[in-house]
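Asks: pasting the structure only:
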């Protein structure tokens, strides 16, 4: 079945023959393996070019920042899945990654789109402040949360966001998006009636877009980073299992409020 | 529902309060972000300790080696999934990771278990050669492929495997597992009646186990690495879609051999 | 970490003790197992009430209609995943389900939202035709496809859509949504400049919404249905594997257009 | 890349042209939609033939029995995933299905293999009792749980298992596997030193194998059934969200036992 126009019929990422594997035009075994870091390789895979020293430092910093934050929902889903299906570690990782969504963990991308919208309007003639207030207003009218601000635990400030901005400054790569992310933070008290601190998912797109990382690959950063954290949790789950302990506690926190026949008593177990 | 004994009730990976996030006992924002690479962080997450220079180089090399090899099944599944469901990049990544199995891509872990079995028996008294022949024999009796040897494209030698061994030597970390992996390669002509070259999924566990990476986390290496490759493919898929082109070609390669009512003619489209 | 307001703390679907499992307030083993069909059970699970005879017939018809359509992208992803990871059939099913997206297979839900938007505006005072033309116009301005119309293979008419409407009429449950789906079909030549036939993903929400199935569960119908088809394909894949054949053909259909070092020749294998 | 021998190049499940879709050789829109139940269709898809009345009743009963059992790990993983990524219901279903593993939910297949091993040995000459004791002994030596027996909540008896056997008797389809499943239950006190009651995951393969359902598709039954339950939970999650409530409670049940710098105090939030 021929779905869609199908005009494109090529890919520029990799090619191989019996003795050589090309990745982005480079000999994988001879030029890349052993000579570049995995972070360099990720940047090369995504953009087609190796990163500068500053780009590498920023990408490393964002990946380190978002890889791990304890027993968050994606980690719980992953550990429960391994407990139920220990034969497939890849399935447990996949279950964790599926929680990299627009609300939790994956909101770096949503925030990147938010900043890009503001930047586009500012480029079309409004002041940055006007453009930002306009986009914020539209999000509110559509009952959408402002992505990249506020955190259930880090209410005053997200230490990862502060640190990422510091690194972008040090690398000389803090630009328009970092400025915009800060501007929005200062506008929120007026726009929302309360302050909300910039969080890590607001800082990541700001520093990466300024560094030249593509908007359409932004979500890959929390996904790749969290995969590293998930693997650590899944090793621990094999050695010291808590998946079913968490599941027991989670179920016990929820009441049943459906119909009940006479005499039925729900088990406390 | 209380499944299993549930004796373990703790985790040692991360803890946080409003101002500080600990990862493996270190202050994430102050000590780690901006100071260590993502590869360092992965090793720290998994083992609880930062890697030595040699361990870092080997882990980087294995991640770079296995991240990308063109339009392999996992990449195809991922790109087709994004074409069908562009609203969820995380779903397309998950579909790709699910193909990191015992036969393709995830066989590093299977090979790691294979080498560990041989090493255990050799430690119990047999010579390494006897132990290896014994384990190979058992795999054959159970009709299991010898993991880590043979490749559909790199038939003479897998250039990534050669390079990984070279790097382990340079790092001074080539040890018993590298020796074992080579020994098995020399035994295969006798044991199987034909030679099979060591492939990247045999070299990865050999160099990582020698470097001190835990056996139970081995599968995490191809999973993490391939996630980077998948993200590059999914960016390209958004810009130059080929998911449905591949699907069309794949379906056209397969005949229908079920029952057919009179007069029915299958469409060539 | 306390994410969001967390005001709701109960569920109405199931409760159990050592001897009795309640599902939607009914004794699972005594009242349901052996007495009702799986389709009845699905309706009961989703809505809290068993279906009428007409509702059951319509739900059965939609599930049968969308369960299987040959080697479509979701089936290919699933079979390739099983070929790579035969240890986890659940992973192969998950890979297939992940392709139940807004573009392919999952568009029943998108079409259901489309019809509901039109119905809401018509209820607010416009004629159905005005409302439909308005919503179609907005989709076009946002460069969104009109969901539920057009099919790569069934260009004149989708035989499943015709049949579903016939069944809804027979069951006496064809109502406003069926009428709306047909109205849109008649408006498309004017609105788009070309006709597009109603497809199965337009008919499913029309007949189900008229029958009282909830809009927010619509996507569950193609997901559940396709799961049945995937299981048939995964049984066949275990007995007559074609996953890697499809993958080989798919890769062969794509050229490499990235940079190439001197003398490199891509393998045809 | 040509992986494996690739000798098979056909599929017998479905074919189509512009006006007709064949499923297992039957005209989908004219013969099947509206005329058969989804359970009939599932049997037809998997086996190539429609079920008898008894086969239909048994398949319906097993699907109804295993579809739902409250907030079990797979349901929790699925609801947490939807809370984090509401844009992709298919991702939340996939996360739930990934927990259909060898330990929880998916053990019907493991039990089916267990019974088939016993049956094969009994057919080769041992008495059924000898064969059963032998296989149980081997499971114990390999530290594997006996699949299909014991349940954390239904300790005396699993009401679903009892009911499934009753239905198989009523349908006249209880045969050698049902007998075997009961025999094993009587042998366990002697073999394990304690009684373990047959559970639903032991009863499902017994009644289905006796009814002629293929062993290699057994895991599809809990997967398909649970998908129906997951969709009900995901509808409720959209209307009355508890995903993050469960996640909060689960995390609170786990202590942190890693290293802590001076003065750090973990948040109770």
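Replies: Done, it's in. Because the structure is a prediction, the values reported are computed rather than measured.
Asks: so what does residue A:156 look like in phi/psi?
Replies: Reported as degrees, to the nearest 10, the phi and psi values for residue A:156 are phi -70, psi -50.
Asks: and it, what does it touch?
Replies: Contact analysis of residue A:156 by C-beta atoms under 8 Å, 6 or more residues apart in numbering or on different chains lists A:197, B:18, B:19. (Glycine included, C-beta is placed from N, CA and C.)
Asks: who touches residue A:28 in this structure?
Replies: So residue A:28 contacts A:20, A:21, A:22, B:64, B:65, B:68, B:159, B:160 (C-beta under 8 Å, 6+ apart).
Asks: okay, now the third one: neighbour count?
Replies: When neighbours are defined as other C-beta atoms under 10 Å in any protein chain shown, residue A:22 has 24 of them.
Asks: before we move on, what about the fourth one?
Replies: Counted with other C-beta under 10 Å, the neighbours of residue B:64 add up to 30.
Asks: surely it and residue A:33 touch.
Replies: Yes. Between residue B:64 and residue A:33 a contact is recorded at 5.0 Å, counting by C-beta atoms under 8 Å.
Asks: contacts (any at all) between chain D and the helix or strand residue A:22 falls within?
Replies: When elements are assigned from DSSP states H and E, residue A:22 belongs to strand A:21-23. No. Using C-beta under 8 Å from any C-beta of the partner chain, strand A:21-23 stays clear of chain D, coming no nearer than 11.1 Å.
Asks: figure out how far that strand is from the centre of its chain.
Replies: Between the centre of strand A:21-23 and the centre of its chain there are 28 Å (C-alpha atoms, centre = their mean, to the nearest Å).
Asks: dump the contacts of residue A:156 to JSON lines, plus pLDDT and distance to residue D:173.
Replies: Below are the contacts of residue A:156 laid out as JSON lines (pLDDT from 0 to 100; distance: C-beta to C-beta, whole Å):
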{"residue": "A:197", "pLDDT": "96", "distance to residue D:173": "64"}
{"residue": "B:18", "pLDDT": "92", "distance to residue D:173": "62"}
{"residue": "B:19", "pLDDT": "93", "distance to residue D:173": "65"}
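Asks: of those residues, which ones also sit close to chain D?
Replies: Restricting the contacts of residue A:156 to those adjacent to chain D (criterion: C-beta under 8 Å from any C-beta) gives residue B:18.
Asks: buried residues in stretch A:128-139?
Replies: A:128, A:131, A:132, A:133, A:135, A:136 (16 or more other C-beta atoms under 10 Å in any protein chain shown).
Asks: from those, which land in helices?
Replies: A:128, A:131, A:132, A:133, A:135, A:136 (DSSP state H).
Asks: surely the first one touches residue A:180?
Replies: In other words, residue A:128. Yes. Between residue A:128 and residue A:180 there is a contact at 6.4 Å, judged by C-beta under 8 Å.
Asks: what's the overlap in contacts for those two?
Replies: By C-beta under 8 Å, 6+ apart, the residues touching both residue A:128 and residue A:180 are residue A:118.
Asks: now the stretch 51-200 of chain A against chain C: closest residue?
Replies: residue A:88 (3.6 Å; C-beta to the nearest C-beta).
Asks: pretty sure that residue sits against residue C:85.
Replies: Yes. Counting by C-beta under 8 Å, residue A:88 does reach residue C:85; the two are 6.9 Å apart.
Asks: what residues are shared contacts of these two?
Replies: B:101, C:91.
Asks: next, give phi and psi for residue A:157.
Replies: phi -160, psi 150.
Asks: what do you get for residue A:11?
Replies: The phi/psi pair for residue A:11 (degrees, to the nearest 10) is phi -140, psi 150.
Asks: please enumerate the helices of the stretch 1-150 of chain A.
Replies: A:38-47, A:53-66, A:73-84, A:89-97, A:107-123, A:128-141 (DSSP state H, counting those that start in this stretch).
Asks: how about the residues of the stretch 151-269 of chain A near chain C?
Replies: Checking the stretch 151-269 of chain A against chain C by C-beta under 8 Å from any C-beta, the hits are A:152-153, A:253-261, A:264-267.
Asks: quick one: buried ones out of these?
Replies: A:153, A:253, A:254, A:256, A:258, A:264.
Asks: would you mind confirming that the fifth one makes contact with residue C:26?
Replies: No. In terms of C-beta under 8 Å, residue A:258 does not count as a neighbour of residue C:26; the distance is 9.9 Å.
Asks: centre-most residue in chain A?
Replies: Chain A has residue A:222 as the residue nearest its centroid, 2.8 Å off, counting by C-alpha atoms, centre = their mean.
Asks: and the nearest residue to it once chain neighbours are set aside, how many neighbours?
Replies: Among residues not flanking residue A:222 along the chain, residue A:66 sits closest, at 4.9 Å (C-beta to C-beta, 6 or more residues apart in numbering or on different chains). Using other C-beta under 10 Å, residue A:66 is surrounded by 27 other residues.
Asks: do the same with residue A:190
Replies: Neighbours around residue A:190, by other C-beta under 10 Å: 10.
Asks: ok, residue A:182 next?
Replies: Look at residue A:182: counted by other C-beta under 10 Å, it has 16 neighbours.
Asks: not counting its neighbours along the chain, what's nearest it?
Replies: residue A:198 (7.3 Å).
Asks: give me the phi and psi for that neighbour.
Replies: Per degrees, to the nearest 10, the backbone of residue A:198 is at phi -50, psi 130.
Asks: what bridges to it?
Replies: residue A:149 (DSSP bridges).
Asks: separation between it and chain B?
Replies: Using C-beta to the nearest C-beta, to the nearest Å, residue A:198 is found at 13 Å from chain B.
Asks: contacts only, for that residue.
Replies: A:148, A:149, A:157, A:158, A:161, A:181, A:182, A:184, A:185.
Asks: thanks a lot, catch you later.
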